[in-house]
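Chemist: predicted model, plus sequence, below.
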There are 2 protein chains.
Amino acid sequence: MERALVESVRSFNRAVTERVGALNDHFLGREHSLGEARLLWEIGVAGAEVRELRNRLALDSAYVSRLLRALERRGLVMVETSADDRRVRCARLTSAGLAERAELDRRADAFAESILEPLSTGQQARLAAAMAEVERLLMASTVRIAITDPSSADAQWCLEQYIQELNERFDAGWDPAQSISAYPHEMTPPAGLFLVASLRQQPVGCGALKFHGDAPSDAAAELKRMWVSPQVRSLGLGRRLLTELERHAREAGVTVLRLETNRALVEAIALYRRSGYQEVAAFNDEPYAHHWFEKRL
Amino acid sequence: MERALVESVRSFNRAVTERVGALNDHFLGREHSLGEARLLWEIGVAGAEVRELRNRLALDSAYVSRLLRALERRGLVMVETSADDRRVRCARLTSAGLAERAELDRRADAFAESILEPLSTGQQARLAAAMAEVERLLMASTVRIAITDPSSADAQWCLEQYIQELNERFDAGWDPAQSISAYPHEMTPPAGLFLVASLRQQPVGCGALKFHGDAPSDAAAELKRMWVSPQVRSLGLGRRLLTELERHAREAGVTVLRLETNRALVEAIALYRRSGYQEVAAFNDEPYAHHWFEKRL
DNA sequence: CAAATTATCTGACTATAGTCAGATAATAAT
DNA sequence: ATTATTATCTGACTATAGTCAGATAATTTG
């Protein structure tokens, strides 16, 4: 890794954690602790289930319970048992709690304004743009890709999104039953594999390999079920998934990767071409395909 | 303040403090606490006086003392009394401490690399550029400008830098004695005023007003001693100083601001022109001046 | 229906990150 | 030579941010 890049990240960290962190504490540090403030914020105007709060803030059950008691004592929160499952408890802000949350919101605004205020209009715009860029790329860098069981909940969710999207985008809709199969067992080792990309435990993309098991002499494999959530598009995730799939294929001894695709999927087609896939004659009878590609690994 | 700008700062804060903060803790927060790690880092390879450490980290004397005892017990630090003042104690890393510090350094590098690693080369470069931009603009926004006594240490330091720079840049050097005066009393209310710009308690620029005290009917004032440290140039600080000086002048009832300048100071001249100053005929006999400017407030 | 699981709570405990009030020793000021 | 100041340390204390081991009640599973 190039030294200058590493240095710029480290320098950024120092500068931002100091400046932003210090000011943040100064503005938000009201009469309640950070834990209480975070909880107050997370409960939100609509209220939330306690287990949901625990999950979102990744806090211990005992700790959340105690924080809620403290907020209750101060009249900011009411906790009541849920109607449909009486084990579950729901936290809800009182009007005092809502006022307190609004105050936190105002302070966060004031904090942001205190950063922008000394700058000229042009500098403010440049700062906002650079911040958005850092945020986007930090998001891209946070995405993790892992081999996943295609019948797991995350994988299934991705596949549902995939089906729905193709159905919307293809001229005549899309019926997986008419298409060449990609059943879970075909995308599970040793028959194939399934990758899920996740952003903070949330699935945001997938891609699969289907090895050609019948004839071991034929070292071609098929690329299937490439999908990237709209939420993270143009972050280079498609490229990363493709690179990962190719790496796994290579490790499995595959020398040729193939795929077919529909003309509606223009970004995908562009990605394949950019990544060295050559358009070839139809090598199967997929009814929804308009283009067939191949790459020698 | 425009809503979208405020939102982008808030969103950036959330994203960066969560991602960077969490990862940072994960990488750096190993067998010693954050306090110990910060102290270990701050002592540095050359060692440092305990009072200096207290100052730099803004920590309580009792707390630093205890942290040092903890580091001593673990064989990472040696504290000994200073030779010239036996009240002062100097902390110095043992070889184990140096190794530990090197390990922290490696971890900080690994952390930076873990952010860069998932990105493509192009994305890495864009991230580094955006981070540098955020850092620069955050630095600009951290600069504070305040009316300061021109005989204070900070003001004197700025004036020394100013003198030195003009002496270097003017063809024939610069001797303040030959030039129109700007004595401390002339830049102190009510005769005038002196602004110092500071970045984290360090002076980084200055500028002064000299009101025309003799005839109250004449509401013209002179702009003097504009200087910006090379360390913070091209951050728009000159413009900010100028704007602040004009604001103070306006509040003092000044309707015309005047200044003279040397042809060597091209950035300053450009700034004056951009800011609405018109070149006028010489209104004094300043021997070092080539241009005279005036602005009606 | 019994057993397992889930959601929450309480009590007991820990580490971190401090603060505050002196005490002590060295040095500076008068 | 006092007196004041400075640099550091120790003891006693606090708040925050938790963790861990059950206990209890409601719900789900076999």
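Modeler: Structure's in. What do you need?
Chemist: which stretches of the stretch 1-150 of chain A form helices?
Modeler: Applying DSSP state H, counting those that start in this stretch to the stretch 1-150 of chain A gives helices spanning A:3-28, A:34-43, A:50-57, A:61-73, A:95-116, A:121-142.
Chemist: give me the helices and strands touching the longest one, please.
Modeler: This means helix A:3-28. helix A:95-116, helix B:3-28, helix B:95-116, helix B:121-142 (3 or more C-beta pairs under 8 Å, 6 or more residues apart in numbering or on different chains; DSSP states H and E). Placement of C-beta: from N, CA and C, glycine included.
Chemist: list the beta-bridge partners for residue A:220.
Modeler: residue A:256 (DSSP bridges).
Chemist: contacts only, for it.
Modeler: Taking C-beta atoms under 8 Å, 6 or more residues apart in numbering or on different chains, we find residue A:220 in contact with A:212, A:254, A:255, A:256, A:257, A:258.
Chemist: from these, which is closest to residue B:31?
Modeler: residue A:254 (43.9 Å; C-beta to C-beta).
Chemist: so that closest one sits in a helix?
Modeler: No - counting by DSSP: H, G, I helix; E, B strand; the rest coil, residue A:254 is located in no helix; its state is coil.
Chemist: how far away is the nearest residue to it once chain neighbours are set aside from residue A:278?
Modeler: Leaving out its chain neighbours, the residue that sits closest to residue A:254 by C-beta to C-beta, 6 or more residues apart in numbering or on different chains is residue A:221, at 4.4 Å. According to C-beta to C-beta, to the nearest Å, residue A:221 and residue A:278 sit 16 Å apart.
Chemist: which single residue of the stretch 51-200 of chain A ends up nearest DNA strand C?
Modeler: Nearest residue of the stretch 51-200 of chain A to DNA strand C: residue A:51, at 2.9 Å (C-beta to the nearest atom of the strand).
Chemist: returning to that earlier point: and residue A:221 and residue A:278? Which one has more around it.
Modeler: With neighbours defined as other C-beta atoms under 10 Å in any protein chain shown, residue A:221 and residue A:278 compare such that residue A:221 has more, 27 against 11.
Chemist: out of the helices and strands in chain A, which is least certain?
Modeler: In chain A, no helix or strand scores lower on mean pLDDT, DSSP states H and E than helix A:3-28, which sits at a mean of 84.
Chemist: buried sites along that helix?
Modeler: A:5-6, A:8-10, A:12-13, A:15-17, A:19-20, A:23-24, A:27-28 (16 or more other C-beta atoms under 10 Å in any protein chain shown).
Chemist: outline the domain layout of chain A.
Modeler: Domain segmentation of chain A under automatic domain parsing yields A:3-118, A:144-296.
Chemist: and the ones you listed: which comes nearest DNA strand D?
Modeler: Judged by C-beta to the nearest atom of the strand, the one of the domains of chain A that comes nearest to DNA strand D is domain A:3-118, at 2.9 Å.
Chemist: near DNA strand C, which residues of chain A?
Modeler: Proximity of chain A to DNA strand C (C-beta under 7 Å from any atom of the strand) is limited to residues A:49-51, A:54, A:61-62, A:64-66, A:68-69, A:79, A:85, A:87-89.
Chemist: type out the PyMOL command that picks the buried ones from those.
Modeler: Burial among the residues of chain A next to DNA strand C is assessed by 16+ other C-beta under 10 Å; the matching PyMOL selection reads:
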select buried, chain A and resi 50+51+54+64+68+79+89
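Chemist: check what pLDDT the nearest residue to residue A:80 once chain neighbours are set aside gets.
Modeler: Distances taken as C-beta to C-beta, 6+ apart put residue A:90 closest to residue A:80, at 5.8 Å, once the chain neighbours are dropped. pLDDT for residue A:90: 97.
Chemist: low-confidence ranges, the stretch 151-297 of chain A, go.
Modeler: A:213-218 (pLDDT under 70).
Chemist: just the strands in it please.
Modeler: Assigned strands in the stretch 151-297 of chain A, in chain order: A:192-199, A:202-211, A:220-228, A:256-261, A:278-280, A:291-296 (criterion: DSSP state E, counting those that start in this stretch).
Chemist: so can I have a markdown table of these showing distance to residue A:247?
Modeler: Listed next are the strands of the stretch 151-297 of chain A as a markdown table, based on distance: least, C-beta to C-beta, whole Å:
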| stretch | distance to residue A:247 |
| --- | --- |
| strand A:192-199 | 10 |
| strand A:202-211 | 10 |
| strand A:220-228 | 12 |
| strand A:256-261 | 11 |
| strand A:278-280 | 20 |
| strand A:291-296 | 13 |
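Chemist: closest one to residue B:262 among those strands?
Modeler: Taking these one by one with C-beta to C-beta, strand A:192-199 is closest: 56.7 Å.
Chemist: what helices or strands is the closest one leaning on?
Modeler: Packing partners of strand A:192-199 (3+ C-beta pairs under 8 Å, 6+ apart): strand A:144-147, helix A:153-169, strand A:202-211, strand A:220-228, helix A:237-251.
Chemist: mind listing the strands that strand pairs with, and their directions?
Modeler: Strand A:192-199 pairs in its sheet with strand A:144-147 (antiparallel), strand A:202-211 (antiparallel), by DSSP bridges.
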